[in-house]
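Trainee: sequence? don't have it. structure:
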């Protein structure tokens, strides 16, 4: 019986992946700090695309980790590794906030309807826009 349950669950998970059910929708269809936190804490991490308007665009990596009673983001700048860093994360009702290596108080919101970029952010002093997509 345990083997049967395992096979059914495996089939459902594989089927969802093969039929294009987006990661964010497979995990949660509504926001809330606990669900957003659970979604962010994927071990593989996220690719972040940033757009600073006339100052250019780029990509990096965000990995969210639990450290004791808090969550931190480890930020890797693909274009310039010297700008890699680690920051504390604060959760809100519809997303989360954290600083980046060069920008303060960036607000990210969860969009369960966007399968490619379920988290988008902006704000802070540098007015940079951010989009996160799951690493595979």
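Mentor: Everything's here; your move. Since the model is a prediction, treat every value here as computed from it, not as a measurement.
Trainee: residue contacts, residue 85?
Mentor: 75, 100-101 (C-beta atoms under 8 Å, 6 or more residues apart in numbering). Bear in mind the C-beta positions are built from the backbone N, C-alpha and C, glycine included.
Trainee: Give me the below-cutoff pLDDT ranges for the protein.
Mentor: 1-31 (pLDDT under 70).
Trainee: Most neighbours of all the contacts of residue 85, which one?
Mentor: When neighbours are taken as other C-beta atoms under 10 Å, the top entry among the contacts of residue 85 is residue 100 (23 neighbours).
Trainee: Check the secondary structure at residue 96 for me.
Mentor: For residue 96, the assignment made with DSSP: H, G, I helix; E, B strand; the rest coil gives strand.
Trainee: what's the burial count for the residue nearest to residue 59 when sequence neighbours are not counted?
Mentor: Excluding the flanking residues, the one nearest residue 59 by C-beta to C-beta, 6 or more residues apart in numbering is residue 78, at 5.0 Å. The number of residues packed near residue 78 is 13, by other C-beta under 10 Å.
Trainee: Then residue 57?
Mentor: 12.
Trainee: Looks like the residue nearest to residue 59 contacts residue 61 (just checking).
Mentor: Yes - using C-beta atoms under 8 Å, residue 78 is in contact with residue 61, at 6.9 Å.
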